[in-house]
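Trainee: Dropping a prediction and its sequence here:
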Amino acid sequence: MSRIGNKAISIPAGVTVSFNDGIITTTGPKGTLNQKIAKSVTPVIEGNELKFVKNNAEQETDAMQGLYRALVANMVKGVSEGFTRSLLINGVGYKAQVNGNKLVMNLGLSHQVEVEIWPDVKVSCPTVTEIKIEGIDKQRVGQFASNIRDKRPVEPYHGYGIRYADEVVIRKVGKTSGKGKK
């Protein structure tokens, strides 16, 4: 039994959800998203609620019910509110800025790191050490943030690098001097 799959998704005002030919479409003030749905699960729209009904009683179908419920709930939230991911840059001389459709970063390397901004993602730099990524697709926003973070992951001794704003970096103790130890 899927606990998440049995929960109903409430559809906010201004968002429409439709299901045709195995594809569920959500449209809202921020845009439109589509998701293909397996035949083992059927979405049922009743008023302003959406539920997913299993077509058979297999364990795999329980997992699919929960999966599609979570995906569609994220789609509904994305087209109504959107998703945001914030990154922080820490290090001497480390900074970022947006130039056109590229994110240009100085990360302590001999060259600038340039990342092409995806068309469905909006990137801004409120300060030179902060990067804000926004979009309607949760997976795309998270993947783009992860790609940026991979350019210079945080090192544990000084904390230099790129990290998520809500990430906790566990710092390591550096070397101790060898004086007096035998």
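Mentor: Arrived safely, thanks for sending.

Trainee: okay, CA-based contacts and neighbour counts for the rest of this
Mentor: Noted.

Trainee: Distance check, the spatially most central residue of the chain against Thr26.
Mentor: Centroid check for the chain by CA atoms, centre = their mean gives Gly142 as the closest residue, at 2.6 Å. The spacing between Gly142 and Thr26, counted by CA to CA, to the nearest Å, is 20 Å.

Trainee: ok, now Pro12?
Mentor: Noted for Pro12: a distance of 11 Å to Thr26, by CA to CA.

Trainee: just for the chain, where's the confidence low?
Mentor: Counting by pLDDT under 70, the chain shows low-confidence ranges at 1-2, 178-182.

Trainee: That one: helices as residue ranges?
Mentor: Taking DSSP state H as the criterion, the chain carries its helices at 3-6, 59-80, 138-149.

Trainee: Thr32: which of the ones you listed is closest?
Mentor: Ranking the helices of the chain by proximity to Thr32 (CA to CA) places helix 59-80 first, at 6.5 Å.

Trainee: packing partners for that closest one?
Mentor: Here helix 59-80 touches helix 3-6, strand 23-28, strand 31-36, strand 41-46, strand 49-54, helix 138-149, going by 3 or more CA pairs under 8 Å, 6 or more residues apart in numbering; DSSP states H and E.

Trainee: care to break the protein down by domain?
Mentor: Split into domains by automatic domain parsing, the chain comes to 3-80, 83-164.

Trainee: wait, which of those is closest to Ile170?
Mentor: domain 83-164 (6.5 Å).

Trainee: And the closest one, end to end?
Mentor: Its first and final residues considered, domain 83-164 spans 14 Å by CA to CA.

Trainee: and the longest strand along the chain with helix 59-80, angle?
Mentor: In the chain, ranked by residue count with DSSP state E as the criterion, the top strand is strand 83-90. Relative orientation of strand 83-90 versus helix 59-80 (axes from the mean of the first three to the mean of the last three CA atoms, to 10 degrees): 80 degrees.

Trainee: Contacts for strand 83-90, please.
Mentor: Contact with strand 83-90 is made by 95, 129-138, 141-142, 145, 149, 159-165, as judged by CA atoms under 8 Å, 6 or more residues apart in numbering.

Trainee: Sheet-wise, list the partners of that strand with their directions.
Mentor: Each strand paired with strand 83-90, and its direction, by DSSP bridges: strand 130-135 (antiparallel), strand 161-164 (antiparallel).

Trainee: Buried by neighbour count: which residues of it qualify?
Mentor: Of the residues in strand 83-90, 83-90 count as buried by neighbour count, 16 or more other CA atoms under 10 Å.

Trainee: Just the buried residues of stretch 107-124, please?
Mentor: For stretch 107-124, burial by neighbour count (16+ other CA under 10 Å) applies to 107-108, 113-115, 117, 121, 123-124.

Trainee: Contacts for it, please.
Mentor: 91-95, 97-98, 101-106, 131-136, 140-141, 144, 148, 151-152, 161.

Trainee: Separate out the buried members of those residues.
Mentor: Neighbour counting with 16+ other CA under 10 Å marks 91, 94-95, 97-98, 103-106, 131-136, 140-141, 144, 148, 152, 161 as buried within the contacts of stretch 107-124.
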